[in-house]
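Student: Curious how this folds, go ahead:
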Amino acid sequence: MKGLLSFSGVVTKVRAMQGRFFDEEDFREIVSLPDVPAVAAYLKKNPNYEEALKAVDERTLHRGQLEYYLRNTILRDFQKIYCFSDSQQRKFLKRYGRRYEVRYLKSILVPIMEGGQTAEESRLFDLHFSRYSDLDMEKLSQARTITEFVEALKGSPYYEPMARVHDTSPQATLFEYETALDLFHFSTIWKDKKEIAGKPGEEALKEFYGTKFDMLNLWYIYRAKKYYNMDNVSVYALTIPVLYHLNKNDIRRLVEAESDNDFGTALKETYYGRIYPALAPDNLQYMYTKICRDVIKEGADKDPYSIASLYQYLYLKEHEVYRLTTALECVRYGLKPEESIRYVMQR
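Tutor: I've put the predicted structure just below:
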């Protein structure tokens, strides 16, 4: 009853927004449209996107601009949910929102480390999320060197992991800084799951994040070995230091597999390989999405008046935007609808 009383308002809001998500038939219609302006006009009719696109002239819109507006809706929706939430729910949302802080920090890091302009994610963060963040936006936006970037993080939880990379590896790459940000975010949200979710929501977060981290570890290890030929020491350093249904022996066998066949055999012997017979090295990215989606849906169905419903909405919203972005690429490059829908529904 406590969950029903405290979550009824925000869950009602979330269900209304979730009811406007696109289904497969909607995506089939989208990928059959002739061009990007036609997609923009179609999206304007959906209440989840109408507000973000109402001032846009779709006749002059190109794909990159539309993708920016789509990502904009993720943070808009976060704000709407935050406004309907109580103090405990906001504690979870602020910690969940660190994923947006990490993206923002990466958007600042890229031009510092590799040159070029600050990514559009920085503008979105400034527009929508800065009010929920303790980062010193002014100092970060003025940073031109990695030392200035690290100094601008003083007083934030990101200072220590970034300073550690900076001080111990003066020639560290963008990849090393980004990996340190990700590992810090994943480790802290796992450690603090009871505090940010409250006792009723702790088990749901444990299942959601535990599954996510396990599946990311499988994908990270495979990608590092298959596409980057990383040595075993480097692969171990890349793994998330959280194990849920995986164990240390699983990780060791996967990292030290000498061929694709060996990796596939080790994968089949993990918890996920036993539960999901279709799991294979060449479909890990797709199965990561499918398994996480299944686990989140099960948790939200089991306990709808809890943070599980908030987590589910934010997760599904991001994946809808990923699917729309994929659909836009397919339309832009003239792929046939049947080919396009396969790409879209794998996201």
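Student: What segments of the stretch 51-200 of the chain are helices?
Tutor: Under the criterion DSSP state H, counting those that start in this stretch, helices of the stretch 51-200 of the chain are mapped to 63-83, 87-96, 98-114, 120-124, 137-142, 146-152, 159-168, 174-191, 193-226.
Student: got TSV for those, with mean neighbour count and mean pLDDT too?
Tutor: In this view, the C-beta of every residue, glycine as well, is placed from N, C-alpha and C. Converted to TSV, the helices of the stretch 51-200 of the chain look like this (neighbours: other Cβ atoms under 10 Å; pLDDT from 0 to 100):
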stretch	mean neighbour count	mean pLDDT
helix 63-83	18	92
helix 87-96	18	91
helix 98-114	19	92
helix 120-124	18	75
helix 137-142	14	90
helix 146-152	18	97
helix 159-168	15	97
helix 174-191	17	95
helix 193-226	20	91
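Student: quick one: which of those helices is nearest residue 337?
Tutor: helix 63-83 (17.6 Å; Cβ to Cβ).
Student: ok now the closest one, how far from the chain's centre?
Tutor: 14 Å (Cα atoms, centre = their mean, to the nearest Å).
Student: Who are the contact partners of residue 244?
Tutor: 206, 209-211, 213-214 (Cβ atoms under 8 Å, 6 or more residues apart in numbering).
Student: So it, which state does it fall into?
Tutor: Here residue 244 is recorded as coil under DSSP: H, G, I helix; E, B strand; the rest coil.
Student: before we move on, the earlier item: need the helices of the stretch 51-200 of the chain in JSON lines (columns: distance to residue 245).
Tutor: What follows is the helices of the stretch 51-200 of the chain, written out as JSON lines (distance: least, Cβ to Cβ, whole Å):
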{"stretch": "helix 63-83", "distance to residue 245": "29"}
{"stretch": "helix 87-96", "distance to residue 245": "22"}
{"stretch": "helix 98-114", "distance to residue 245": "22"}
{"stretch": "helix 120-124", "distance to residue 245": "32"}
{"stretch": "helix 137-142", "distance to residue 245": "37"}
{"stretch": "helix 146-152", "distance to residue 245": "36"}
{"stretch": "helix 159-168", "distance to residue 245": "26"}
{"stretch": "helix 174-191", "distance to residue 245": "14"}
{"stretch": "helix 193-226", "distance to residue 245": "6"}
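Student: Switch the contacts of residue 244 over to JSON lines; also include distance to residue 15.
Tutor: Shown next, in JSON lines, are those (distance: Cβ to Cβ, whole Å):
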{"residue": "206", "distance to residue 15": "24"}
{"residue": "209", "distance to residue 15": "23"}
{"residue": "210", "distance to residue 15": "26"}
{"residue": "211", "distance to residue 15": "23"}
{"residue": "213", "distance to residue 15": "28"}
{"residue": "214", "distance to residue 15": "29"}
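Student: Those residues: which two are farthest apart?
Tutor: Greatest spatial distance in these: 206 and 214, 11.8 Å, computed using Cβ to Cβ.
Student: May I have the phi/psi pair for the closest residue in space to residue 35 that isn't next to it in sequence?
Tutor: The spatially closest residue to residue 35, leaving aside those adjacent along the chain, is residue 331, at 6.5 Å (Cβ to Cβ, 6 or more residues apart in numbering). Taking degrees, to the nearest 10, you get phi -70, psi -40 for the backbone angles of residue 331.
Student: Pretty sure residue 331 sits against residue 29.
Tutor: No: counting by Cβ atoms under 8 Å, residue 331 stays clear of residue 29, with 11.4 Å between them.
Student: circling back to that earlier point, which among the contacts of residue 244 gets closest to residue 335?
Tutor: Out of the contacts of residue 244, the member with the shortest distance to residue 335 (by Cβ to Cβ) is residue 211, at 31.8 Å.
Student: so what's the closest one up against?
Tutor: Counted by Cβ under 8 Å, 6+ apart, residue 211 has contacts 244-245, 291-292, 295.
Student: mind running it again at 7 Å?
Tutor: 244, 291-292, 295 (Cβ atoms under 7 Å, 6 or more residues apart in numbering).
Student: repeat for residue 281
Tutor: By Cβ under 7 Å, 6+ apart, the contact set of residue 281 is 222, 260, 263-264, 267.
Student: got these as a markdown table, with distance to residue 194 and secondary structure columns?
Tutor: Formatted as a markdown table, those follow (distance: Cβ to Cβ, whole Å; DSSP: H, G, I helix; E, B strand; the rest coil):
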| residue | distance to residue 194 | secondary structure |
| --- | --- | --- |
| 222 | 32 | helix |
| 260 | 40 | helix |
| 263 | 35 | helix |
| 264 | 37 | helix |
| 267 | 31 | helix |
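Student: With distance to residue 250 as extra columns, can I get the residues you listed in CSV?
Tutor: Converted to CSV, the contacts of residue 281 look like this (distance: Cβ to Cβ, whole Å):
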residue, distance to residue 250
222, 13
260, 17
263, 12
264, 13
267, 9
